[in-house]
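J.: My questions are about this predicted structure, shown below with the sequence.
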There are 2 protein chains.
Amino acid sequence: MITAPNAADAAASSPEPGGLGAAPAPAVALSPLSPPSSRYRISDAVYEQLSEAIRNLQLPPGTPISEPGIASWLQVSRSPVREAFTRLVDLGLISVVPQVGSQIAPISLREVEEAVFIRTALETSAFQRAIQDSAPDTTVIQRLVDANRRAAEDNDIEAFFDTDEQLHQNVFVLAGMPRLWHVVRGTKMQLDRLRRLNLSLAVLNPELVEEHQQIVDALRDRDEEAGLHVIRTHATRILDVMEMHRTAHP
Amino acid sequence: MITAPNAADAAASSPEPGGLGAAPAPAVALSPLSPPSSRYRISDAVYEQLSEAIRNLQLPPGTPISEPGIASWLQVSRSPVREAFTRLVDLGLISVVPQVGSQIAPISLREVEEAVFIRTALETSAFQRAIQDSAPDTTVIQRLVDANRRAAEDNDIEAFFDTDEQLHQNVFVLAGMPRLWHVVRGTKMQLDRLRRLNLSLAVLNPELVEEHQQIVDALRDRDEEAGLHVIRTHATRILDVMEMHRTAHP
DNA sequence: ATATATCCACTTGTATACTAGTGCGCAAGC
DNA sequence: GCTTGCGCACTAGTATACAAGTGGATATAT
């Protein structure tokens, strides 16, 4: 379906072709732009495919990949594949050496530590802001914890990951910064791979669900000390898993 | 009347001198390969040129740009320009509407608030970690504060920005997470543009230097409460500037 | 048989060609 | 005069072609 973008306000009445912004002392100042812009783009689809495949370890760390290979596999040209590669490289999910080849980025201890640090810092700050003025509405997040608990009991890994993600996202929603989640999600990819690796050989840890409940309780009671402590514990739990794997695997 | 600054020459004839250290492929420690990867890439040069031009408001928010325009301006093909565009879009510095056009992203209140939140969260956490075990070595950062003070006294805006950047970066160094700075730097672009806008019509604020000194003092004395308070004040100061501009300009 | 040099298949980086879609100018009709 | 419709110039998205470089396999010489 072709969306009919309305008049995206006068771009410019520039008689000269290719208005290079070298001499525009008068600020053009067109404020609103890109309302829908939901045109289908192959590069987005490729990005989704690849990032999801990397995330769920369908493409394990270290797997060699090539632009023509992915292109022929997805029946597209190199251009959208290359664009997706660029974005994934910026996220640290793909490692590319110019004239040699590319591979799914290995799970780096340093990267994981950074991701844990970022996530802990942002989530604790979000928690503080969420309980800052008044007690937040915990009905939605409580439902997510319940769903998460059921998924753990049913050993439904996919549902567990899904609810867990929504749960942590909801913390940022309660903090009044819903869009911030997208920033976190980028750095969280590294951790997701590690957790997949963990759950592929272990079983869902009931302590995780319990900690989720404690976070919600702390939100409801506006208990800053307890909340921060649980969040820090919850986040650093990954590092133990990392160490466990590091001793077992290269 | 196309003003073609040294950009074209720099990109076309001679390789960029020095600072490509912005986002080098990290010493990735991938097992079998990873030798040099220091091959000169045009797309990196284009990215540097554009991001710096956006940062220092040489390309003001709202300026319409196009891939062919930049390509002809820098005397390169669309491919590297498009790759740079992709990265800048991910950073929120360029806004592109598929079949319509692109422009330098306007400074969004929402984006600025997010950037402030992220920066505050990461910097406070870094501060806590820096003073966690023992008093950090503040000789380097103290020197940076002094240099920053001198730059402010001399009204040397460029030097002020440079030392200010190194100063905040050093907080992450003291926290033992030097690479984390690159993550912060991406989100900090939005704030940098705002600060440039501010300093273009105001003068360097001596309070900023004083706050820098207070942060270093708190680091030396391991005074968590004072440090966190100063960092929060220091970061949210931008929001006042934002509000000031928002009432003055659209 | 071993060592060495050459070749080639493969990679990514860059340039160019083509496609689809959009807004504005301009001309034709009222 | 004003309105309406068509076309053109411009955009970004995609596909393809070319260039530069690397590492391994193969063939040759010792």
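T.: Alright, I've got the coordinates.

J.: backbone phi and psi for A:Pro60, please?
T.: phi -70, psi 160 (degrees, to the nearest 10).

J.: Please list the residues of chain A that sit near DNA strand D.
T.: For chain A, the residues in contact with DNA strand D (C-beta under 7 Å from any atom of the strand) are A:17-18, A:39-43, A:76-80, A:83, A:99-100. Quick note: C-beta positions are derived from backbone N, CA and C, even for glycine.

J.: Now the buried members of the residues you listed.
T.: Buried members of those, counted by 16 or more other C-beta atoms under 10 Å in any protein chain shown: A:42-43, A:76, A:80, A:83.

J.: Break down chain A into its strands, ranges please.
T.: Along chain A, counting by DSSP state E, strands occupy A:64-65, A:94-97, A:101-104.

J.: on that earlier part again, give me the subset of the residues of chain A next to DNA strand D that also touch DNA strand C.
T.: Okay, of the residues of chain A next to DNA strand D touching DNA strand C (C-beta under 7 Å from any atom of the strand), that's A:39, A:78-79, A:99-100.

J.: Filter those down to the ones in helices?
T.: The members of those that map onto helices under DSSP state H are A:78-79.

J.: one step back: which two in the buried ones among the residues of chain A next to DNA strand D are spaced the farthest apart?
T.: Within those, A:Val76 and A:Glu83 form the most distant pair, 10.6 Å apart (C-beta to C-beta).

J.: Mind listing the shared neighbours of those two?
T.: By C-beta atoms under 8 Å, 6 or more residues apart in numbering or on different chains, A:Val76 and A:Glu83 have these common neighbours: A:Val46.

J.: just the residues of chain A next to DNA strand D now: which is nearest B:Val241?
T.: A:Gly18 (33.7 Å).

J.: And that closest one, what's its pLDDT?
T.: On pLDDT, A:Gly18 comes in at 32.

J.: So the closest residue to A:Ile107 other than its chain neighbours versus DNA strand C, what's the distance?
T.: Excluding the flanking residues, the one nearest A:Ile107 by C-beta to C-beta, 6 or more residues apart in numbering or on different chains is A:Pro61, at 5.2 Å. According to C-beta to the nearest atom of the strand, to the nearest Å, A:Pro61 and DNA strand C sit 16 Å apart.

J.: Wait, A:Asp164 touches A:Asn148, no?
T.: Yes. Assessed by C-beta atoms under 8 Å, A:Asp164 is found in contact with A:Asn148 at 5.8 Å.

J.: Give me the common contacts of these two.
T.: When C-beta under 8 Å, 6+ apart defines a contact, the residues bordering A:Asp164 and A:Asn148 alike are A:His212.

J.: A:Arg196: neighbour count?
T.: Applying other C-beta atoms under 10 Å in any protein chain shown, we find 16 residues neighbouring A:Arg196.

J.: Wait, it touches A:Ala53, no?
T.: No. With contact defined as C-beta under 8 Å, A:Arg196 does not reach A:Ala53; the gap is 11.5 Å.

J.: pLDDT score assigned to A:Gln58?
T.: 95.

J.: any idea how far it lies from DNA strand D?
T.: 22 Å.

J.: Please name the residues that touch that residue.
T.: A:Glu52.

J.: same check, this time on A:Arg78
T.: The contact partners of A:Arg78, by C-beta under 8 Å, 6+ apart, come to A:67-68, A:71.

J.: So which of those are in helices?
T.: Mapping these onto helices (DSSP H) picks out A:67-68, A:71.

J.: ok, residues contacting the lowest-mean-pLDDT helix or strand in chain A?
T.: None of the helices or strands of chain A scores lower by mean pLDDT, DSSP states H and E than helix A:180-201, at a mean of 85. Under the criterion C-beta under 8 Å, 6+ apart, residues A:51, A:54-57, A:61, A:91-93, A:107-108, A:111-112, A:114-116, A:118-119, A:122-123, A:126, A:157, A:161, A:168-169, A:172-173, A:238, A:241-242, A:245, B:114, B:117-118, B:183, B:187 lie in contact with helix A:180-201.

J.: where's stretch A:236-250 relative to the chain centroid, distance-wise?
T.: 21 Å (C-alpha atoms, centre = their mean, to the nearest Å).

J.: before we move on, what about stretch A:83-102?
T.: Average the C-alpha atoms of stretch A:83-102, do the same for its chain, and the two points are 18 Å apart (C-alpha atoms, centre = their mean).

J.: Is that stretch in proximity to chain B?
T.: Yes. Against chain B, stretch A:83-102 shows contacts by C-beta under 8 Å from any C-beta of the partner chain at A:83, A:86-87, A:90, A:92, A:95-101.

J.: Now that stretch: buried residues?
T.: Residues of stretch A:83-102 classed as buried: A:83-97, A:102 (neighbour count, 16+ other C-beta under 10 Å).

J.: and if you look at stretch A:48-66?
T.: Buried-residue list, stretch A:48-66, by 16+ other C-beta under 10 Å: A:49-51, A:53-55, A:57, A:59, A:61, A:65.

J.: and these, which of them are in helices?
T.: Per DSSP H, the buried residues of stretch A:48-66 map to helices at A:49-51, A:53-55.
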